[in-house]
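**Student:** Could you look at this predicted model? Sequence included:
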Amino acid sequence: MATWGYGNDNGPATWVKSFPVAAGTRQSPIDIVPTAAKCDTKLTENPLTVNYSPEPAMELCNPGLSVKANIKSKSVIKGGPLEGEYKLEQFHLHWGSADKQGSEHTLNGKMFPAELHLVHYNATKYSSFGEAVDKPDGLAVFGIFLKISDKPHQGLKSLTDVLSEVQYKDKSINIKQEYNPVCLLPDNINKYWTYLGSLTTPPLCESVTWIVFEEPIEVSEDQMKAFRALCCGECGSAPIVDNYRPPLPLGNRQLRASFQ
Ligand SMILES: CN(C)c1nnc([C@H](N)S(N)(=O)=O)s1
Ligand SMILES: [Zn+2]
């Protein structure tokens, strides 16, 4: 079976052939139109709280279509739109071949150069990510926009400085001791949009409560170049770029905002 990807013959428009849910009614990403969002005070009555722990030796790997860090520590979130406690499973990114594109969610039709996803599963109701992945309340993913600045992002620097060591598919390394993913979050996590959606890559399960933060994090052009130097396969293979799914219709879903 042909593997899915982001090329002309295996990209997002073809995924529905193997994953019919791609044509579902709660697919992600979406275009975020702030004026269409409903400000919901319930989101602030029980504020979103993040309780991340340092990762003793965080595994960073190149699975071939992104770069991802697997989390073993007990890093959890709760509150906001969430019922129960969700445990961080992994984080990864999507980025463009140029700064004009790369994010999955868009803001008033605008793409950012990249988007960071921190993927959590409902540890109150389910015993593992695998059990939670296809449940309607199984997952919660933080979406964080990346924007270009002249200064590198210090939290991401521990990763971008070693990406050359995972340049090729299936390479992995362990990041320095005590990496705390909290360093990746924007300063203000009280301003976000939330809606019910899906994984943005196959199997595209409609199991994600998305929490997309209004405040982007800032990265340097050199850090973007480091992501764009990662390869889809072995030495000489194509670079990993434009690994984003374009937005899907919001349909009858309600987009809520935690702020005015
Ligand atoms: C198995 N896991 C953790 C994931 N499967 N698909 C993921 C997608 N990349 S996303 N973008 O998080 O929906 S994350
Ligand atoms: Zn993702």
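**Tutor:** Noted; the coordinates are in hand. Residues are numbered from 1 along each chain as shown. Ligands and ions are numbered 1, 2, ... in the order given.
**Student:** give me the number of residues near the residue lying closest to residue 37 once chain neighbours are set aside?
**Tutor:** Leaving aside its sequence neighbours, residue 37 sits nearest to residue 257 (Cβ to Cβ, 6 or more residues apart in numbering; 3.9 Å). The C-beta positions use only the backbone N, C-alpha and C, and glycine is treated the same way. Counted with other Cβ atoms under 10 Å, residues neighbouring residue 257 total 19.
**Student:** now do the one 3 residues further on
**Tutor:** Using other Cβ under 10 Å, residue 260 has 5 neighbouring residues.
**Student:** Also residue 235?
**Tutor:** Residue 235: 7 surrounding residues under other Cβ under 10 Å.
**Student:** same deal with residue 236?
**Tutor:** For residue 236, the count of nearby residues is 7 (other Cβ under 10 Å).
**Student:** still on that earlier bit, can you check the pLDDT for the residue nearest to residue 37?
**Tutor:** For residue 257, the pLDDT comes out at 98.
**Student:** same check, this time on residue 1
**Tutor:** On the pLDDT scale, residue 1 gets 46.
**Student:** go on, the one 10 residues further on?
**Tutor:** According to the model's per-residue confidence, residue 11 sits at a pLDDT of 98.
**Student:** In stretch 61-71, which residues are buried?
**Tutor:** Within stretch 61-71, the residues that count as buried by 16 or more other Cβ atoms under 10 Å are 61, 62, 64, 65, 66, 67, 68, 69, 71.
**Student:** now the end-to-end length of it.
**Tutor:** With Cα to Cα, to the nearest Å applied, stretch 61-71 spans 12 Å between its terminal residues.
**Student:** what sits opposite the residue nearest to residue 37 in the beta ladder?
**Tutor:** Applying DSSP bridges to residue 257 gives these bridge partners: residue 39, residue 193.
**Student:** quick one: contacts for it?
**Tutor:** By Cβ atoms under 8 Å, 6 or more residues apart in numbering, the contact set of residue 257 is 34, 37, 38, 39, 40, 43, 192, 193, 194.
**Student:** how about stretch 51-62, does it reach ligand 1?
**Tutor:** No: contact between stretch 51-62 and ligand 1 is absent, the nearest approach being 12.2 Å (criterion: Cβ under 6 Å from any ligand atom).
**Student:** So for that stretch, what gets flagged as buried?
**Tutor:** Burial within stretch 51-62, assessed by neighbour count using 16+ other Cβ under 10 Å, is assigned to 52, 53, 55, 58, 59, 60, 61, 62.
**Student:** Please list the outside residues in contact with it.
**Tutor:** Residues outside stretch 51-62 that contact it (Cβ under 8 Å, 6+ apart): 67-77, 88, 159, 162, 166-175, 177-182, 230-231, 240.
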